[in-house]
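Visitor: What would the 3D arrangement of this be:
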Amino acid sequence: MQATTLIYFQKTKARRTKDDLCPVKLCVTHNRIQKYYSISKKISNQKWLFLSVDDIEKVTSDSPRGKFRDIAFEYKRITDEAKVVIKRIDNFTFSQFEEKYFQKPTSWDNVFMAMIDHIKGLRIEERFGYASSFESTLRAIKEFHEKKKFEYKSRQKVETRTNDYLSGKPLFFVDISATWLKNFELWLHKNGKSKSTIGIYIRNIRVLFNIALRVHKINAEYPFDNYKPKTASGRKTALTANQISLIANYKTEDPQEQFYRDIFMFSFLANGMNLSDIARLKFSDIIDGELCFIREKTKGEETDENKLRVPVSKVMQSIIDRYGNKTVGFDSYIFPILKPDYSNEKKYAEVKQLVKQVNKYVSRIALIVGIKEKVSSYVARHSFSTIAKNSGTSIEFISEALGHSSVTVTKRYLKSFEKATRTEHSEKMENEIYNQKAV
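Guide: Numbering: from 1, shown residues only. Next up is the predicted model:
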């Protein structure tokens, strides 16, 4: 028979304090044997270790209100934590329960502290994009938990907000249940977050929960067995060849508008190359008329043999000639976006700014030329693959061109396409875009 647990109020006169307050204990029952434990090291407010008889009635009512509801929630959190410990003991004994339940708590019991610690680790590993994602998740959790907004500048890092995150009402992993996750998801939706953003936040919580359980051995019930977040439809926007042509042939006297439009077109013509890879291209990456590089996204996973090869077409070369760095060395960056002395964090920030500017200007151009679809930098990649498929290009070639290293079939075909085939395809794509009249 499994043990049971509840909060017990010691109401007998002999147990009350001189102020006539009743001690609050954790009661564990097993095989009709009861043991009572102090919760002083578990409770967040020491004042709740003793209650008057009147307060006990309010806390234990069907619908406690105000501070009494907070007290009831705190007692429930404590009993829930005890239940988790009991559930993990195959053959229950009080000694095992005491050892596991009263072990020294770690900073990782607190969700906010755990999240901050994890973010700092990601930043040390120079995984700045992932760290930024967790920072957004942390802020959303805090706002949901506190029921208020926190005004931070976008460039402020989590280290500057630590005191804010750790102040106020604490949140523990044992507090996060399937119901909590559902309510969090509903709150995010009401506050205008997209399904994809909600999915990212929930996955980040799941990652943190797994680390907390497996690495830091915290006591909490895993909530994701009973909770499945809603998933986004995954619909991606891809423009037609004619729409891409409208952007490519758009005339402007604004040098900023022209530069970011041309970077967008360079991305499209370079097989949908990510802006992060474009920013990091060096003149030394141009080998025998092709750009040879490993995607930033897959560095550390790919070998030199898996480098992507993209023919430098006439228009791509004209963009390089127009904006490329002049006489600064064979191993220098092609485009004036990054500098050699930039730290990896600075590079990440500059690429993020590049994406923002490309999105701003290309979206504006799209509206002017009558494109109703939402256009962003990543549309170049989706459009390349879609137009290539519609023009008869094989799926295998497209997979290789996009560098989809996670697709097993792609690896079988990586060496199957000769340079002549790549060049022929590149010229065909460019002619389709630049040799037709805009309508």
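Visitor: Every contact and neighbour count from this point should use C-alpha atoms.
Guide: Noted.
Visitor: so residue 172 touches residue 110, yeah?
Guide: Yes: the pair residue 172 and residue 110 qualifies as a contact (CA atoms under 8 Å) at a distance of 4.6 Å.
Visitor: What is the subsequent helix or strand relative to the host helix or strand of residue 197?
Guide: Secondary structure from DSSP states H and E places residue 197 in helix 195-214. Per DSSP H and E, the first helix or strand lying C-terminal to helix 195-214 is helix 241-248.
Visitor: Now do that next one: which elements does it pack against?
Guide: Judged by 3 or more CA pairs under 8 Å, 6 or more residues apart in numbering; DSSP states H and E, the packing partners of helix 241-248 are helix 255-269, helix 344-368, helix 419-434.
Visitor: what's the angle from it to helix 344-368?
Guide: 110 degrees (axes from the mean of the first three to the mean of the last three CA atoms, to 10 degrees).
Visitor: got the angle between helix 241-248 and helix 255-269?
Guide: Going by the same axes, to 10 degrees, helix 241-248 makes 150 degrees with helix 255-269.
Visitor: follow-up on the earlier one: just the helices and strands packed on helix 241-248: most buried one?
Guide: Among the helices and strands packed on helix 241-248, ranked by average contacts under mean count of other CA atoms under 10 Å, first place goes to helix 255-269 (a mean of 21).
Visitor: Let me see the residues that make contact with that helix.
Guide: 247-248, 252, 273-275, 278, 313, 316, 319, 323, 357-358, 361-362, 377, 380-381, 383-384, 426, 429-430 (CA atoms under 8 Å, 6 or more residues apart in numbering).
Visitor: So, low pLDDT: which residues of the chain?
Guide: The chain contains residues with pLDDT under 70 at 1, 104-106, 152-159, 230-236, 297-306, 327-330, 390, 392-400, 402-424, 436-439.
Visitor: ok, which stretches of it are strands?
Guide: In the chain, the strands defined using DSSP state E lie at 4-9, 22-30, 33-38, 50-51, 286-287, 290-293, 308-311.
Visitor: The fifth one: partners in the sheet, and parallel or antiparallel?
Guide: What that stands for is strand 286-287. strand 290-293 (antiparallel) (DSSP bridges).
Visitor: gap between the partner strand and the chain center?
Guide: Using CA atoms, centre = their mean, to the nearest Å, the mean C-alpha position of strand 290-293 is found 30 Å from that of the whole chain.
Visitor: per-domain residue ranges of the chain.
Guide: 4-101, 107-225, 241-434 (automatic domain parsing).
Visitor: what about the longest one, how long is it end to end?
Guide: Right, domain 241-434. End-to-end span of domain 241-434 (CA to CA, to the nearest Å): 10 Å.
Visitor: can you tell me which residues contact the closest residue to residue 244 other than its chain neighbours?
Guide: In this structure, residue 244 finds its nearest non-sequential neighbour in residue 433, 7.0 Å apart by CA to CA, 6 or more residues apart in numbering. Shown in contact with residue 433 (CA under 8 Å, 6+ apart): 241, 242, 244, 245, 248.
Visitor: Next, name the residue at the spatial heart of the chain.
Guide: By CA atoms, centre = their mean, the mean C-alpha position of the chain lies nearest to residue 133, the distance being 3.6 Å.
Visitor: separation between that residue and residue 185?
Guide: 16 Å.
Visitor: just residue 174 next, same as before
Guide: Using CA to CA, residue 174 is found at 18 Å from residue 185.
Visitor: Distance of residue 191 relative to residue 140?
Guide: For residue 191, the distance to residue 140 - CA to CA - is 10 Å.
Visitor: So between those two, which is more surrounded?
Guide: Shown here are residue 191 and residue 140; by other CA atoms under 10 Å, residue 140 has more neighbours (19 against 9).
Visitor: if you go through the stretch 1-150 of the chain in chain order, where are the helices?
Guide: 53-59, 67-87, 94-101, 111-124, 128-146 (DSSP state H, counting those that start in this stretch).
Visitor: For residue 373, find the nearest of those.
Guide: Nearest to residue 373 among these is helix 128-146; the distance by CA to CA comes to 26.2 Å.
Visitor: Distance from the chain centre to the closest one, please.
Guide: A distance of 8 Å separates the centroid of the chain from that of helix 128-146, by CA atoms, centre = their mean.
Visitor: now swap in stretch 347-354 and tell me
Guide: Worked out by CA atoms, centre = their mean, stretch 347-354 lies 17 Å from the chain centre.
Visitor: residues in contact with it?
Guide: Outside stretch 347-354, the residues that reach it (CA under 8 Å, 6+ apart) are 128, 129, 275, 276, 279, 337, 338.
Visitor: want to throw those into TSV with neighbour count?
Guide: Below are the contacts of stretch 347-354 laid out as TSV (neighbours: other CA atoms under 10 Å):
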residue	neighbour count
128	20
129	15
275	21
276	18
279	20
337	16
338	19
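Visitor: Take these and keep only those in helices.
Guide: 128, 129, 275, 276, 279 (DSSP state H).
Visitor: In JSON lines: those residues, plus distance to residue 261.
Guide: Below are the ones in helices among the contacts of stretch 347-354 laid out as JSON lines (distance: CA to CA, whole Å):
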{"residue": "128", "distance to residue 261": "26"}
{"residue": "129", "distance to residue 261": "24"}
{"residue": "275", "distance to residue 261": "12"}
{"residue": "276", "distance to residue 261": "16"}
{"residue": "279", "distance to residue 261": "15"}
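Visitor: thinking again about what came up before, same list, the strands of the chain, but as JSON lines with distance to residue 259 and mean neighbour count please.
Guide: Listed next are those as JSON lines, based on distance: least, CA to CA, whole Å; neighbours: other CA atoms under 10 Å:
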{"stretch": "strand 4-9", "distance to residue 259": "67", "mean neighbour count": "18"}
{"stretch": "strand 22-30", "distance to residue 259": "67", "mean neighbour count": "19"}
{"stretch": "strand 33-38", "distance to residue 259": "68", "mean neighbour count": "13"}
{"stretch": "strand 50-51", "distance to residue 259": "69", "mean neighbour count": "21"}
{"stretch": "strand 286-287", "distance to residue 259": "21", "mean neighbour count": "16"}
{"stretch": "strand 290-293", "distance to residue 259": "20", "mean neighbour count": "20"}
{"stretch": "strand 308-311", "distance to residue 259": "21", "mean neighbour count": "22"}
